[in-house]
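Enquirer: let me see the structure of the following:
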Amino acid sequence: MALFRRKKSSDAQNKKSNIPDGLWIKCKGCNDTVYTKKLDENHRVCPKCGFHYPLKAAERISMTVDNGTFEEVDAELRSIDSLDFFDSKKYEHRIKQAEEKTKMNEAVVTGTAEIEKIKVAIGVMDFSFMGGSMGSVVGEKITRVIELAIDEGLPVIIFSTSGGARMQESTLSLMQMAKTSAALARLSEKGLFYISVLTDPTTGGTTASFASLGDIIIAEPGALIGFAGPRVIKQTIQQELPSGFQRSEFLLEHGLIDMIIKRENLRKTIASILKFAVK
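Expert: Residues are numbered from 1 along each chain as shown. Modelled structure (predicted):
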């Protein structure tokens with residue numbers, strides 16, 4: 001009987017090991033089990049609770065613009081270790097690892113595209129590349145795509161997701177806040193329209209610059225949006241913080257963003273705004 005029981009146990013283990021890894025995931029929003037394929041088909045939104053998972057830049061572009069219209073610009077730009085920065089490892093090694101992991105050159109992809117036949121300049125950040133941190137190249141690419149929009153008279157759309165300034169570039173990273181903001185000021189002077197879309201998370205210097213300067217600011221549901229983290233803020237002001245005070249719903253209630261749009265409706269909403277705003 002003991003041998004029989006061991007055999008049954010072994011058979012069960014074999015059957016369990018035949019289930020492919022990654023077939024199911026436990027949802028971060030509702031803790032329920034979700035079929036990964038179903039999640040992907042739903043644009044990485046939990047079909048049970050609506051929790052919005054991060055998207056890769058390529059996925060975001062694909063679901064937003066008209067098929068075959070995206071033309072990337074400045075794809076060749078790459079970060080360099082101009083400060084010879086070293087923490088637990090050299091910055092140049094971190095860059096190389098991020099490139100190999102994500103198959104991207106930087107934390108933002110920029111270019112032109114059409115949305116329901118309206119040509120736009122677009123930038124899409126990707127959190128998987130060093131936490132979407134804003135280094136010199138991120139700032140430069142965003143500034144260049146805004147300048148391209150000025151030259152061609154195009155509206156601008158930027159999807160933000162970022163952990164903030166890239167510490168390995170120190171002050172060089174912080175300078176990108178002023179540079180991108182100045183470019184948007186020139187865009188505004190030309191009477192051109194800017195839509196800022198905030199996704200989870202959008203924090204630090206990105207929030208404190210171009211992400212908060214849209215003529216229309218849209219956020220996805222439940223997105224973490226803020227400058228400093230709640231622990232730092234609590235220690236600074238020595239007060240208890242309201243529940244969910246850095247989530248998009250709280251920001252909408254207090255007038256810091258204009259609307260919250262579910263991912264499935266984002267393309268349609270952006271197109272409607274463009275048709276109204278672009279002459």
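
Enquirer: and the contacts of stretch 51-69?
Expert: Defining contact as Cβ atoms under 8 Å, 6 or more residues apart in numbering, one finds that stretch 51-69 is touched by 27-30, 39, 43-46, 70, 102, 104, 108-109, 113-117, 120, 122, 124-128, 157, 159, 161, 199-200, 220-223, 263, 266-267, 270. For glycine as for every other residue, the C-beta is placed from the backbone atoms N, C-alpha and C.

Enquirer: how far away from the center of its chain is that stretch?
Expert: 11 Å (Cα atoms, centre = their mean, to the nearest Å).

Enquirer: with stretch 23-36 instead?
Expert: The chain centroid and the centroid of stretch 23-36 are separated by 21 Å under Cα atoms, centre = their mean.

Enquirer: and stretch 188-208, by the same measure?
Expert: That offset, for stretch 188-208, works out to 12 Å (Cα atoms, centre = their mean).

Enquirer: that older thread, just the buried members of the contacts of stretch 51-69?
Expert: 27, 29, 39, 43-46, 70, 102, 104, 108-109, 113-115, 120, 122, 124-128, 157, 159, 161, 199-200, 220-223, 263, 266-267, 270 (16 or more other Cβ atoms under 10 Å).

Enquirer: give me the domain ranges for this protein.
Expert: Structural domains annotated on the chain: 20-53, 54-277, as defined by automatic domain parsing.

Enquirer: lowest average pLDDT across the ones you listed?
Expert: Note on the domains of the chain: domain 20-53 shows the lowest mean pLDDT, a mean of 89.

Enquirer: could you check it and say which residues are buried?
Expert: Buried, per 16+ other Cβ under 10 Å, within domain 20-53: 27, 29, 34, 39, 43-46, 50-53.

Enquirer: relative to Ser181, which of those residues is nearest.
Expert: In terms of Cβ to Cβ, no member of the buried residues of domain 20-53 lies closer to Ser181 than His52, at 27.1 Å.

Enquirer: for the closest one, which non-adjacent residue is closest in space?
Expert: Leaving aside its sequence neighbours, His52 sits nearest to Glu220 (Cβ to Cβ, 6 or more residues apart in numbering; 5.0 Å).

Enquirer: and for Ser128?
Expert: Thr102 (5.1 Å).

Enquirer: still on that earlier bit, what residues does the residue nearest to His52 make contact with?
Expert: Per Cβ under 8 Å, 6+ apart, neighbours of Glu220: 52, 197-200, 248, 260-263, 266.

Enquirer: Ile80 now?
Expert: Glu92.

Enquirer: would you mind measuring from it to Pro242?
Expert: 42 Å (Cβ to Cβ, to the nearest Å).

Enquirer: ok, now Asp151?
Expert: Asp151 is 44 Å from Pro242, by Cβ to Cβ.

Enquirer: please apply the same query to Val34.
Expert: Noted for Val34: a distance of 30 Å to Pro242, by Cβ to Cβ.

Enquirer: now do Asp200
Expert: On the measure of Cβ to Cβ, Asp200 and Pro242 end up 19 Å apart.

Enquirer: go on, Leu198?
Expert: Plainly put, Leu198 is 19 Å away from Pro242 if you go by Cβ to Cβ.

Enquirer: neighbour count winner among these two?
Expert: Higher neighbour count among Leu198 and Pro242: Leu198, with 29 against 9, using other Cβ atoms under 10 Å.

Enquirer: quick one: the more buried one is in a helix?
Expert: No: assigned with DSSP: H, G, I helix; E, B strand; the rest coil, Leu198 falls outside any helix and is strand.

Enquirer: show me what the nearest residue to it once chain neighbours are set aside is bridged to.
Expert: Nearest residue to Leu198 in three dimensions, chain neighbours excluded: Ala219, at 4.3 Å (Cβ to Cβ, 6+ apart). With DSSP bridges applied, Ala219 shows beta-bridge pairing to Leu198, Ile260.

Enquirer: for burial, what's the neighbour tally of Ala219?
Expert: Ala219 - counted by other Cβ under 10 Å - has 27 other residues nearby.
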